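Student: sequence and predicted structure, then a few things I'm wondering about:
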Amino acid sequence: MKIATWNVNSVKARLPNVTGWLAAARPDVLLLQEIKCETAAFPAAAFADLGYNAAVLGQKSYNGVAILSTAPIEDLREGLPGDPDDPQARYIEATVRGVRLASIYLPNGNPVGTEKYPYKLRWMERLRAHAQSLLNLAVPVVLGGDYNVIPEPRDVYAPQQWAEDALFRIETRRAFRTIVNLGYTDAFRAVNPDQQRAFTFWDYQAGAWPRDLGLRIDHFLLSPQAADRLQDCRIDRAPRGEEKASDHTPVILDLLD
DNA sequence: ATGGTTGTTGGACAA
């Protein structure tokens, strides 16, 4: 089972990039983040033409997540539990072929010192609590998406420059580790324990892409039942180099069937 | 160098 995650930074602006990649890569599932459109405006027909079903949690202008799947999408959950008043569309979860899948767009949290950073940390605590409850299901769980977390110094081109950034502060890294330490596996690092400069995001500014000044912030976390089936996890850098690219590139996970 | 870029939206805000 081939599962991919991609922060597309507007599904409408990126439609030719995404449909072209899907047609070539043909994952069974694609988790999308930052679709930046309301649910009703999601271009579902373009994906249906390629054989994909869609489950969408959208929002006007910002955020928005979706799940595309060639197989039926079952038992949909829209939104992360723990705050029914949270208006931001950042979490959608469903079952595909017996695997519980989430598409996650974790808050950025910058600038630190505004309400954005405590919102990020509260959101991570909600994710921790829900990730624990998912482990209790004792089924394969795949939590994929844009975590806006740089787990380790080697996951950023210049760690000293990022020390006080919301993506790399100690509290952020600790909150991420706390989720992993519940019993989840960072699929990319499990498969590529020594790979350097393994980035998934390059800023649009200052020539970050041609200079390879990137971050690894898009992740797959696997429950033990999913980790037992881990076959491969890799970053496809090619889409970042195309015309009108997203600032993120896809990460691909292969689970044994 | 208080910069630089992209998307949504039609002036900031978010990233």
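Tutor: Okay, I see it.
Student: hey, let's count contacts and neighbours off CA atoms from now on
Tutor: Noted.
Student: surely A:Arg240 touches A:Ser246?
Tutor: Yes - in this structure A:Arg240 lies within contact range of A:Ser246 using CA atoms under 8 Å: 6.4 Å.
Student: between the two, tell me which one has more neighbours.
Tutor: A:Ser246 (25 against 19; other CA atoms under 10 Å).
Student: which residues of chain A score low on pLDDT?
Tutor: For chain A, no stretch is flagged by pLDDT under 70.
Student: how deep is the closest residue in space to A:Leu106 that isn't next to it in sequence tucked in, by neighbour count?
Tutor: If the residues on either side of it in the chain are set aside, A:Leu106 comes closest to A:Tyr147, at 4.8 Å by CA to CA, 6 or more residues apart in numbering. The burial count assigned to A:Tyr147 is 21, neighbours taken as other CA under 10 Å.
Student: what about A:Thr19, helix or strand, and which?
Tutor: A:Thr19 is located in helix A:15-25, with elements delineated by DSSP states H and E.
Student: burial count for the nearest residue to A:Asp212 once chain neighbours are set aside?
Tutor: Take A:Asp212 and drop its neighbours on the chain: the residue closest to it by CA to CA, 6+ apart is A:Trp202, 7.3 Å away. The number of residues packed around A:Trp202, counting by other CA under 10 Å, is 21.
Student: from A:Gly214, how far off is A:Trp202?
Tutor: Taking CA to CA, to the nearest Å as the criterion, A:Trp202 is separated from A:Gly214 by 4 Å.
Student: where do the strands sit along chain A?
Tutor: A:2-7, A:29-33, A:53-57, A:65-69, A:74-78, A:91-96, A:99-105, A:141-146, A:185-186, A:201-202, A:214-215, A:218-222, A:230-235, A:251-255 (DSSP state E).
Student: what residues does chain A put near DNA strand B?
Tutor: Along chain A, the residues adjacent to DNA strand B under the rule CA under 7 Å from any atom of the strand are A:9-14, A:36-37, A:60-63, A:107-110, A:204-206, A:244-246.
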